[in-house]
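[1] next input, structure requested:
(2 chains)
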Protein chains: 2
Amino acid sequence: MPKLDLADVPVRTGSIYPSPYAAQMAGRSSLRLGAAGGLTQFGVNLVTLEPGARSSLRHWHLNEDEFVMVTEGTLMLCEDGGESAMGPGDCAAFPAGVADGHCFVNRSEAVARFLVIGSRAPDEVATYSDVDLKVTMTEGKAKFTHRDGSPYVPPPDADTDRDSDRTPASYLQDSDTAVRGTGERK
Amino acid sequence: MPKLDLADVPVRTGSIYPSPYAAQMAGRSSLRLGAAGGLTQFGVNLVTLEPGARSSLRHWHLNEDEFVMVTEGTLMLCEDGGESAMGPGDCAAFPAGVADGHCFVNRSEAVARFLVIGSRAPDEVATYSDVDLKVTMTEGKAKFTHRDGSPYVPPPDADTDRDSDRTPASYLQDSDTAVRGTGERK
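    Residues are numbered from 1 along each chain as shown, chains lettered A, B, ... in the order given. Below is the predicted model of the structure:
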């Protein structure tokens, strides 16, 4: 049945960001709608952000296109140039390789939601705009490093915010590298 | 600017279906949002159906995944097994190669809209479920034939519903083969 029953789609939470960044994703959850419907060629996620939550660290993709439509509430789109409010029906497109990082932040008092679509490149690099971090995705596996490629080592006093649910797949549910990668496939 | 101003996106109408089918697409228009935002890796269209209008002939794709979210009004999803009503926020997924044709029909008295995303296969075949027709897409060019591959010749009394706007690109705005193909690229 092509029509999806959203109540049957598992709610994903958590993040595979290394500490201390994973904890900053609290209040975010998502439904992997494309995977639930058997799609493999692109990712489609419906992301819910509680008041104060954010979609991801601000980032840009080297190889993958991304598209967002806000479906509920009000979100702030954060970019190099500042913030823009987006409401239901508002759309934004992020072509691969454009080095202006983005994320969405819910600064309102109500829940907000957006639909995000991302292509699936065999290899991908997402670079984070506000912290010295990047992630390289190879065959669905995420490797976090500093921007110069040196290993990322979490600070000793950072939370160890990892558990068995924080696989590359769950990372890929973000609005970002997000909906992509083999990890999302059914 | 990643945020799109939908009022600036050209409204596409028409169809490249051969006659008499093109005329059956009256009341359908769309905005190519992905192309407007500079995306090339998948298609994203916002399709408007006036009362009585349909998204396309009922069809299925051999190589391309498709995803739909209704954003306004009520649409009937038509499949082999019958019809299902879909309203705002309802989603449906159509994996490549599943030979159950689909289309959306607006049987209500109000305008309805849906967002449709489709991948871009280098070569594609869409087969129409209710008529003896298929289309082969090669490098963005559409070739209509009967299902056995023999040339499609419009009936002599059919309308000649073609004009300069009926390029493969405008065909590709449908909810179907629709959002795909190089024709949509910016």
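[2] determine the number of other residues adjacent to the closest residue to A:D100 other than its chain neighbours.
    In this structure, A:D100 finds its nearest non-sequential neighbour in A:D80, 4.8 Å apart by C-beta to C-beta, 6 or more residues apart in numbering or on different chains. All C-beta atoms are positioned from the backbone trio N, CA, C, and that covers glycine. For A:D80, the count of nearby residues is 11 (other C-beta atoms under 10 Å in any protein chain shown).
[3] where does pLDDT dip in chain A?
    Along chain A, segments meeting pLDDT under 70 span A:157-186.
[4] please repeat the previous calculation with a cut-off of 90.
    Segments of chain A classed as low confidence (criterion: pLDDT under 90) are A:1, A:16, A:139-140, A:153-186.
[5] ok now do the residue nearest to A:D100, which residues does it touch?
    Contact analysis of A:D80 by C-beta atoms under 8 Å, 6 or more residues apart in numbering or on different chains lists A:D100, A:G101, A:S129.
[6] which of the residues you listed tops the neighbour count?
    With neighbours defined as other C-beta under 10 Å, the most crowded of the contacts of A:D80 is A:G101; it has 21 neighbours.
[7] I figured that residue hits A:H61, correct?
    No. Assessed by C-beta atoms under 8 Å, A:G101 is found out of contact with A:H61, at 9.6 Å.
[8] what is whichever strand or helix holds A:T48 packed up against?
    Element membership for A:T48, per DSSP states H and E: strand A:42-49. Here strand A:42-49 touches strand A:28-32, helix A:33-36, strand A:112-119, strand B:91-94, strand B:112-119, going by 3 or more C-beta pairs under 8 Å, 6 or more residues apart in numbering or on different chains; DSSP states H and E.
[9] now do the helices in chain A.
    Secondary structure of chain A (DSSP state H): helices at A:33-36, A:168-171.
[10] which bits of chain A sit near chain B?
    Where chain A comes near chain B, counting by C-beta under 8 Å from any C-beta of the partner chain, the residues are A:2-4, A:6, A:33-34, A:36-42, A:44, A:46, A:64-65, A:67, A:69, A:71, A:77, A:79, A:84, A:86, A:89-96, A:98, A:100, A:102, A:115, A:117, A:119.
[11] just the buried ones among the residues you listed, please.
    Taking 16 or more other C-beta atoms under 10 Å in any protein chain shown as the criterion, what is buried in the residues of chain A next to chain B is A:2-4, A:33-34, A:36-37, A:39-42, A:44, A:46, A:64-65, A:67, A:69, A:71, A:77, A:79, A:86, A:90-96, A:102, A:115, A:117, A:119.
[12] any idea how far A:L62 is from chain B?
    13 Å (C-beta to the nearest C-beta, to the nearest Å).
[13] could you do A:T13 as well?
    Going from A:T13 to chain B by C-beta to the nearest C-beta gives 20 Å.
[14] including distance to A:P20, could the helices and strands packed on strand A:42-49 go into JSON lines?
    As requested, these are exported to JSON lines (distance: least, C-beta to C-beta, whole Å):
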{"stretch": "strand A:28-32", "distance to A:P20": "16"}
{"stretch": "helix A:33-36", "distance to A:P20": "29"}
{"stretch": "strand A:112-119", "distance to A:P20": "24"}
{"stretch": "strand B:91-94", "distance to A:P20": "35"}
{"stretch": "strand B:112-119", "distance to A:P20": "34"}
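[15] among the ones you listed, which is nearest A:V11?
    When those are compared by C-beta to C-beta, strand A:28-32 sits nearest A:V11, at 5.2 Å.
[16] got the angle for that closest one vs strand A:112-119?
    Relative orientation of strand A:28-32 and strand A:112-119, computed by axes from the mean of the first three to the mean of the last three C-alpha atoms, to 10 degrees: 50 degrees.
[17] hmm, who's touching strand A:28-32?
    For strand A:28-32, the external contacting residues (C-beta under 8 Å, 6+ apart) are A:6, A:9-13, A:15, A:43-50, A:53-55, A:173-174, A:179, A:184.
[18] buried ones in it, by neighbour count?
    By neighbour count with 16+ other C-beta under 10 Å, strand A:28-32 contains the buried residues A:R28, A:S29, A:S30, A:L31, A:R32.
[19] bridging residues for the first one?
    The partner list for A:R28 in beta bridges (DSSP bridges) reads A:L49.
[20] for it, give its distance to chain B.
    19 Å.
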